[in-house]
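Asker: Here is my input; please provide its structure:
(2 chains)
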Amino acid sequence: MGLAITAPDLESAPRRPGRVRTNLLPYALISPSVAVIAGILAFPLGMLVWLSLQHYGLRELIAHAGDWVGAGNYLRILADPLFHQVILRTLLFTLVCVALTVSLSTLIALLLLKVRQAVRIIVMSALVFVWTTPVIVSVDIWQWMFDYEFGVINYLLTQLHVGNFIHHNWFDDPIQGWSVFVVIVVWGAIPFVTITLFAGLLQVPSDVVDAAHVDGAGAWQRFWFVTAPMLKPIFLIVTCLSTIWDFGVFTQIYVMLNARPSADYYTIAIYAYRESFGVTQYGLGAAIAVVLVLVLVVVTFFYVRETVKVAEIA
Amino acid sequence: MKLRKATFSVLGLAAALVAAACGGTATNNPATQSGTLTVWLMNGSAPQSVVDGVNADFKAKYPNVTVNVEIQQWGEIGTKLDTAFAGGSPPDVIELGNTLVAKYAAAGALEDISGKKSSFDNSGTWLQSLTDSCSVSGKLYCVPYYAGSRAIIYRKDFFTAANVQPPDSMDGLLTVGQKLMTAHSSDPNFSALYFPGKYWYAALPFVWDFGGDIATQSGGKWQGSLNSSSSQQGLTKLNSLVAALSRADKTGDEAKQDAAFAQGHIAMIIANGWEVGVITDPKAGDPSLKDKLGAFPIPSHTAGQTAPVFLGGSDLGIAAKSTHRDLANEWVATFTNNKHMTEMATVGGVIPNNTSMLNLGTGINATFYGAAKNSKFVPNSQNWASVENANVLPDMLVKIFTKQQAIPDATASASTRITTLLNGGG
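Answerer: Okay, the predicted model is just below:
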């Protein structure tokens, strides 16, 4: 998707007979990469599309032969109101998570520039800790923290007189439940984005920022007109990656809700998984997954185009 | 070319010999049979000592066969089974939850063992519900392994302190519960009857007791019936009990109920017999509760009778793609023979697979064994697993208990979904 492969410039090469062989060299060099990408991306994706055009239940799975239904699976999910709901919900969730992740990470990265070395090391270590904790482990801990009966969050909120949170169920009300998931997902995403942005900030020449300061630019203006444009490529990449990750969020919700999320907590990834493995309709699940990929292509198209543009200028 | 042909035929002969050695029939000399038998058992089903004993007996008869018993977790077992059966070499013997068998049998994943029924001990007195779960279109696809039925586990000391007796009717259950709630009114965490919202196995007795059911079959078609007036009556009764007596998580499941019970703020839970062991476990529970626990059957709304309970349990199937089907059959026969089945009941504390051993339940276990006699089963359809995996019942209960939907609406939409799923729709 993000690959900008330009054909070798044949025109500028000196035209001499017998040089055709040499011109194949770039293709030969790139062929291993193409083969690997085809093997690990194109082939499974092709299989997914092929599967999505069949009725593929357990019997077909065991016999390794499906019934061809053409667009049947797609027509069925498009007619399903739950599917529309799930897509909209996933998009909204992604929007909120990405916006929070990128803005909070930017603030932390800027803060890291200002603090003393010791504080910076402590904060960076904490971030790396969060980053290296396996998702399953951290979600398990979050689950206990938000637990209905034994959770420390309910206990603390009650002790702090925020309200009576004894036996408060965070997942009764989907708005509250989704807020919890936003917290968990953003918490997990901040380290990577912060460290990447911080690395970018270190590359911004301080004399340019200082010059702006001398010219009377305020803190906000220095950030918005000087620092941010220089960081644009990095912003584009972290936003693009966050969008892809948050759109496909699965583990956090699935583990937190004991592998039995109710329909209120379906994201598109969970919905595809439930239809595939829960109801053993692998064809239908594949169709949902294909739609997931298509939506993601549309959503990330903008970012990818911008990234490629920036790369071409550089 | 000639040489190559010769090589091929030698190879072919060798392959045939190997195949004969591996897939040898029971009539062959056991001592000469070799290979590796893979067995999947579920976490917590058989005590290690029983499994070791079975393997020792098996080894004595088949010294050259290696048996690998792999313990699986319940959580994602459906996914794991699907992929295992789809692959070329599934495990040879598989323990299957009794609600899952029909799905795999109908899909052709399990061997038809109708002709071998008599090779298993007690096959004449197998528990009817378990035998039913193994039967698809009149053919037998698995061997009943063990059963589990639920009753109410209660704190005898709480009952004595509140001066109440185990009730003999559903209304009595409410009255007793209310007295316990009053006696513990200073404890904001107290539940007289702890009932997590997604606990559908424990909700079924209420539906069945009023004559309701999950679905009924007529003319080959299934019709969801949780919205029938009798089903709704049962759920209304349960809803009022939960509202008055339970402070359990209305959206939670029963996974943590034993740990919660051991904390000492709960008077009653609806549980399996083996959960007594979890409650009094030195690590996960509280061993000092051992003498304070009692059990009584879930009472019917008709005084003096008990409500029918869900008969859970497991069966043992043999993979149709297994290359050691006869050995697998032999292992299952050893595992379920008189000697080892008795151990399962006495050491494992589960309900054995046949009625002739039901007298083995003593003490608190006797209540659970008794409950098995008045038991029912979910619709025996190859599509039932889809209903389970789509969370139709837990979701319906959560909607009712949290008052997101009224009982008629919640049951109507659940019934519609069940009708669709049981008849093969998505």
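
Asker: Please give me every residue in contact with residue B:369.
Answerer: B:273, B:351, B:358, B:360, B:361 (C-beta atoms under 8 Å, 6 or more residues apart in numbering or on different chains). All C-beta spots, glycine's among them, are computed from the backbone N, C-alpha and C.

Asker: and the closest residue to the last one other than its chain neighbours, how far is that from residue A:293?
Answerer: It refers to residue B:361. Computed as C-beta to C-beta, 6 or more residues apart in numbering or on different chains, the closest residue to residue B:361 that is not its neighbour in sequence is residue B:369, at 3.3 Å. According to C-beta to C-beta, to the nearest Å, residue B:369 stands 54 Å off from residue A:293.

Asker: Quick one: name whatever helix or strand follows the helix or strand bottoming out on mean pLDDT in chain B.
Answerer: The weakest-scoring helix or strand in chain B, judged by mean pLDDT, DSSP states H and E, is helix B:2-22 (a mean of 43). The helix or strand immediately downstream of helix B:2-22 is strand B:35-42, counting by DSSP states H and E.

Asker: what's the neighbour count on residue 111?
Answerer: Using chain A here. 14 (other C-beta atoms under 10 Å in any protein chain shown).

Asker: You answered for a different chain; I wanted chain B.
Answerer: 21.

Asker: Right, and chain B sits closest to which residue of the stretch 101-250 of chain A?
Answerer: residue A:148 (4.0 Å; C-beta to the nearest C-beta).

Asker: Torsion angles phi and psi at the closest residue to that residue other than its chain neighbours?
Answerer: Nearest non-adjacent residue to residue A:148, counting by C-beta to C-beta, 6+ apart: residue B:249, 4.0 Å away. Torsion angles at residue B:249 (phi, psi; degrees, to the nearest 10) stand at phi -60, psi 120.

Asker: ok now do residue B:249, which residues does it touch?
Answerer: Residue B:249 neighbours (C-beta under 8 Å, 6+ apart): A:148, A:149, A:167, A:169, B:196, B:197.

Asker: If we look just around chain B, which residues of chain A are in range?
Answerer: A:57-59, A:61-64, A:76, A:148-149, A:166-167, A:169, A:171-172, A:258-260, A:262-263, A:274-275, A:277-281, A:284 (C-beta under 8 Å from any C-beta of the partner chain).

Asker: Throw together a ChimeraX command that grabs the buried residues out of those residues.
Answerer: The ChimeraX selection below is limited to those of the residues of chain A next to chain B classed as buried (16 or more other C-beta atoms under 10 Å in any protein chain shown):
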select /A:57,58,59,61,62,76,148,149,167,169,171,172,260,262,274,275,277,278,279,280,281,284
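
Asker: Okay, and which of the residues of chain A next to chain B map to helices?
Answerer: Mapping the residues of chain A next to chain B onto helices (DSSP state H) picks out A:58, A:59, A:61, A:62, A:63, A:76, A:284.

Asker: correct me, but the fifth one touches residue B:109?
Answerer: Read it as residue A:63. No. The criterion here is C-beta atoms under 8 Å, and residue A:63 misses it with residue B:109 at 10.0 Å.

Asker: you'd agree residue B:317 is in a helix?
Answerer: No. Counting by DSSP: H, G, I helix; E, B strand; the rest coil, one finds residue B:317 to be strand, located in no helix.

Asker: give me every residue that touches it.
Answerer: Per C-beta under 8 Å, 6+ apart, neighbours of residue B:317: B:93-96, B:101, B:104-105, B:109-111, B:141-143.

Asker: Closest one of those to residue B:336?
Answerer: residue B:143 (5.7 Å; C-beta to C-beta).

Asker: Okay, that closest one and chain A: tell me how far apart.
Answerer: Computed as C-beta to the nearest C-beta, to the nearest Å, the residue B:143 to chain A distance reads 21 Å.

Asker: sec struct for that residue, please.
Answerer: strand.

Asker: Skipping its backbone neighbours, what lies nearest it in space?
Answerer: Residue B:143 sits nearest to residue B:316 (C-beta to C-beta, 6+ apart), 4.7 Å away.

Asker: Could you give the bridge partners of the one you found?
Answerer: Residue B:316 has these beta-bridge partners by DSSP bridges: residue B:95, residue B:143.

Asker: Next, the buried residues of the longest helix seen in chain A.
Answerer: Counting by DSSP H, the longest helix found in chain A is helix A:81-114. Neighbour-count burial for helix A:81-114, counted by 16+ other C-beta under 10 Å, picks out A:83, A:86-87, A:89-90, A:93-94, A:96-98, A:100-102, A:104-106, A:108-110, A:112.

Asker: Ok, stretch B:72-87 next?
Answerer: Result for stretch B:72-87 [16+ other C-beta under 10 Å]: buried residues B:72, B:77, B:78, B:79, B:81, B:82, B:84, B:85, B:86.

Asker: and chain A, which of those contact it?
Answerer: B:78, B:79, B:82, B:85, B:86.

Asker: Among these, which one sits closest to residue A:38?
Answerer: residue B:86 (24.4 Å).

Asker: Please name the residues that touch the closest one.
Answerer: Taking C-beta under 8 Å, 6+ apart as the test, what residue B:86 contacts is A:61, A:62, A:64.

Asker: In space, what's closest to the last one - neighbours in sequence excluded?
Answerer: Among residues not flanking residue A:64 along the chain, residue B:86 sits closest, at 7.6 Å (C-beta to C-beta, 6+ apart).

Asker: which residues sit in contact with the closest residue to residue A:98 other than its chain neighbours?
Answerer: Take residue A:98 and drop its neighbours on the chain: the residue closest to it by C-beta to C-beta, 6+ apart is residue A:242, 4.6 Å away. For residue A:242, the contacting residues are A:97, A:98, A:101, A:102, A:189, A:193, by C-beta under 8 Å, 6+ apart.

Asker: Serialize those to CSV and add fields for pLDDT.
Answerer: Listed next are those as CSV, based on pLDDT from 0 to 100:
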residue, pLDDT
A:97, 97
A:98, 96
A:101, 97
A:102, 96
A:189, 95
A:193, 96
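
Asker: Tell me what residue B:266 is bridged to.
Answerer: The residues that residue B:266 bridges to, once DSSP bridges is applied, are residue B:191.

Asker: residues in contact with it?
Answerer: B:155, B:190, B:191, B:194, B:260.

Asker: cool, residue B:75 as well?
Answerer: residue A:259.

Asker: Wait, a helix at it?
Answerer: No. Going by three-state DSSP, the assignment for residue B:75 is coil, not a helix.

Asker: Return the distance of it relative to residue B:260.
Answerer: For residue B:75 relative to residue B:260 (C-beta to C-beta), the value is 19 Å.

Asker: show me where the stretch 151-300 of chain B has strands.
Answerer: Taking DSSP state E, counting those that start in this stretch as the test, the strands found in the stretch 151-300 of chain B are B:191-194, B:215-218, B:221-224, B:266-272, B:293-296.

Asker: Adding mean pLDDT, write the ones you listed out as JSON lines.
Answerer: Formatted as JSON lines, these follow (pLDDT from 0 to 100):
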{"stretch": "strand B:191-194", "mean pLDDT": "97"}
{"stretch": "strand B:215-218", "mean pLDDT": "92"}
{"stretch": "strand B:221-224", "mean pLDDT": "94"}
{"stretch": "strand B:266-272", "mean pLDDT": "96"}
{"stretch": "strand B:293-296", "mean pLDDT": "95"}
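
Asker: Serialize these to CSV and add fields for distance to residue A:309.
Answerer: Listed next are the strands of the stretch 151-300 of chain B as CSV, based on distance: least, C-beta to C-beta, whole Å:
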stretch, distance to residue A:309
strand B:191-194, 61
strand B:215-218, 59
strand B:221-224, 56
strand B:266-272, 63
strand B:293-296, 71
